[in-house]
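# Provided below are the primary sequence and the corresponding predicted coordinates.
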Amino acid sequence: MHIGYNFIILCFIFLLVACNKDDDAITQPINPSINDDEAKDCSNAQRYDEVLKKCVNICTENEFFDITTEGCRKTMPNSIEEKICQGDLALDKVTSKCACFGRSKEDPINKNCVCEAGAHYSKIDADCVCYNQNKFYNPLYSRCTLFCKEGEELFMLSNGEFQLCVPKCKNGYFYNLSESMCVQKCEGNSYRKSGEAACSPGKQLTLTEGFSSILPSLKIEKDLVICLVVDPELKDNAKKIAIERSKEITRESINKWLEPLRSFGNQIFKKEFTFIESNGYGCDPSPNMVTIFFPWPQEQMNDACGAKGAPGCANCGSKTIHLSANLNGTEREVPVFMHELGHLFGFDDQYIQGIHKEPCRDGYGLYTTVMCYEGIHLKPADVEGIQNLYCRFFQNEDPVACAALQQRFSFAAISSS
Ligand SMILES: [Zn+2]
């Protein structure tokens, strides 16, 4: 009985479809509420409008029916295409996508337009704009920089944070910020006194009165021994490590001082050294011996050096060097050793004790000698100094090298450079 009922409905639908299919003449939209009599009154190109209660023109696909003018009007393309973009993003009319403009790049998470350092995104300008009005986008540095006048140039820290327009300096000069002036780049053994723009020629290293030097005993055929004394408190492994370190910095520092002599003159100097280790406070005396006390307790440094808090000291007579345990493992180990070793070669201190405008004696600069200010490498006056020293000992053996040296380091040669 149930099946029979469904069958009747199916037949009814089929009948309806069949009826519609037969009626090809219907061109107007079917509106079930339209009274058949009235619908028939509209022509083929018209339809019946329920609000106006009359026949109106049928609009095409790109038109809409405007009830106020009772006619068809074209649809505005903008009204359909209008998109709302998030954050800084705006509609790109070419691609019809939300985008960032100018130099900015899209941050996909925040939907912001990101600019280079020192700039922010301006939606009005559709580009990045520098925060500071005196700055402009500088493609050279890919960031906002100050605009410098003619005759000036930009000074900027490597991170771009600090910017300043400074006067352009003539060739061979650079602008010194702390002194606010153009100063010369000093070359060779020349240095600049504070307040002076040009470099002054540096003097040669001076030798300690009574003059004794370890240089001759460093010749390869000599039997120099280096006695290593470490802090007596150190035991076993700590002592072993300390001795190894002491050997290392001694080897390194002596070789740095001898380096300028390797390609100079005929004499050959040691590269490897004979070390002996002390069991207590020193080694059995021998005539050709240098003694290195390192690391040495700071409390005992005062006795050894006669100066409170000294990081190191040297005695030319006894050929000893004391280096404080405080230096152990710090970056000053080798620099302080280099200075003290300079004393064993026979060179004087060139710094002025106390606080002075110039830290070095007249004729010397921070960058000309380790005898004024310690350094991990020799400085120009030191190179000159060790070669001059060589000529004091071996002039007769190496007259050519020593004559050439005198020419190279003459006062005239420095001032003309
Ligand atoms: Zn000194």
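That came through fine. Since this is a predicted model, take the numbers as computed values, not measurements.

# partners of Glu153 in the sheet?
Under the criterion DSSP bridges, Glu153 forms beta bridges with Val166.

# Let me see the backbone angles for the closest residue to Cys128 other than its chain neighbours.
Distances taken as Cβ to Cβ, 6 or more residues apart in numbering place Cys115 nearest to Cys128, at 3.5 Å, with adjacent residues excluded. C-betas here are computed from N, CA, C, even on glycine. Torsion angles at Cys115 (phi, psi; degrees, to the nearest 10) stand at phi -110, psi 170.

# mind listing what Cys115 touches?
Arg103, Ser104, Tyr121, Cys128, Val129 (Cβ atoms under 8 Å, 6 or more residues apart in numbering).

# which helix in this structure runs the most residues?
helix 236-262 (DSSP state H).

# Now the element after it, going C-ward?
On the C-terminal side of helix 236-262, the closest following helix or strand by DSSP states H and E is strand 274-277.

# hmm, back to that, so which of the contacts of Cys115 are in strands?
If you go by DSSP state E, these have Tyr121, Cys128, Val129 in strands.

# who's the first one bridged to?
What it means is Tyr121. Cys128.

# I figured it hits Cys128, correct?
Yes. The criterion here is Cβ atoms under 8 Å, and Tyr121 meets it with Cys128 at 5.8 Å.

# And Gln406, which helix or strand is it part of?
With DSSP H and E as the test, Gln406 turns up in helix 399-408.

# export that helix as PDB, just CAs?
Below are the C-alpha coordinates for helix 399-408, written out as PDB (Å, rounded to 0.1, in the frame of the first residue of the first chain):
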ATOM      1  CA  PRO A 399     127.700  45.400   8.000                       C
ATOM      2  CA  VAL A 400     125.300  45.300   5.100                       C
ATOM      3  CA  ALA A 401     122.200  44.600   7.100                       C
ATOM      4  CA  CYS A 402     123.200  47.200   9.700                       C
ATOM      5  CA  ALA A 403     123.900  49.900   7.100                       C
ATOM      6  CA  ALA A 404     120.500  49.300   5.500                       C
ATOM      7  CA  LEU A 405     118.900  49.500   8.900                       C
ATOM      8  CA  GLN A 406     120.400  52.900   9.600                       C
ATOM      9  CA  GLN A 407     118.900  54.200   6.300                       C
ATOM     10  CA  ARG A 408     115.500  52.700   6.900                       C
END
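
# just checking, what packs against it?
If you count contacts as 3 or more Cβ pairs under 8 Å, 6 or more residues apart in numbering; DSSP states H and E, helix 399-408 packs onto helix 380-394.

# make it 10 Å
helix 380-394, helix 411-416 (3 or more Cβ pairs under 10 Å, 6 or more residues apart in numbering; DSSP states H and E).

# Could you give me the buried positions within the longest one?
Buried positions in helix 380-394, judged by neighbour count with 16 or more other Cβ atoms under 10 Å: 380-391, 394.

# could these go into JSON lines alongside pLDDT and distance to Glu331?
What follows is the buried residues of helix 380-394, written out as JSON lines (pLDDT from 0 to 100; distance: Cβ to Cβ, whole Å):
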{"residue": "Pro380", "pLDDT": "95", "distance to Glu331": "22"}
{"residue": "Ala381", "pLDDT": "95", "distance to Glu331": "22"}
{"residue": "Asp382", "pLDDT": "96", "distance to Glu331": "19"}
{"residue": "Val383", "pLDDT": "95", "distance to Glu331": "22"}
{"residue": "Glu384", "pLDDT": "91", "distance to Glu331": "26"}
{"residue": "Gly385", "pLDDT": "94", "distance to Glu331": "24"}
{"residue": "Ile386", "pLDDT": "96", "distance to Glu331": "23"}
{"residue": "Gln387", "pLDDT": "94", "distance to Glu331": "28"}
{"residue": "Asn388", "pLDDT": "93", "distance to Glu331": "29"}
{"residue": "Leu389", "pLDDT": "94", "distance to Glu331": "27"}
{"residue": "Tyr390", "pLDDT": "95", "distance to Glu331": "30"}
{"residue": "Cys391", "pLDDT": "93", "distance to Glu331": "33"}
{"residue": "Phe394", "pLDDT": "93", "distance to Glu331": "35"}
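
# Thanks a lot, catch you later.
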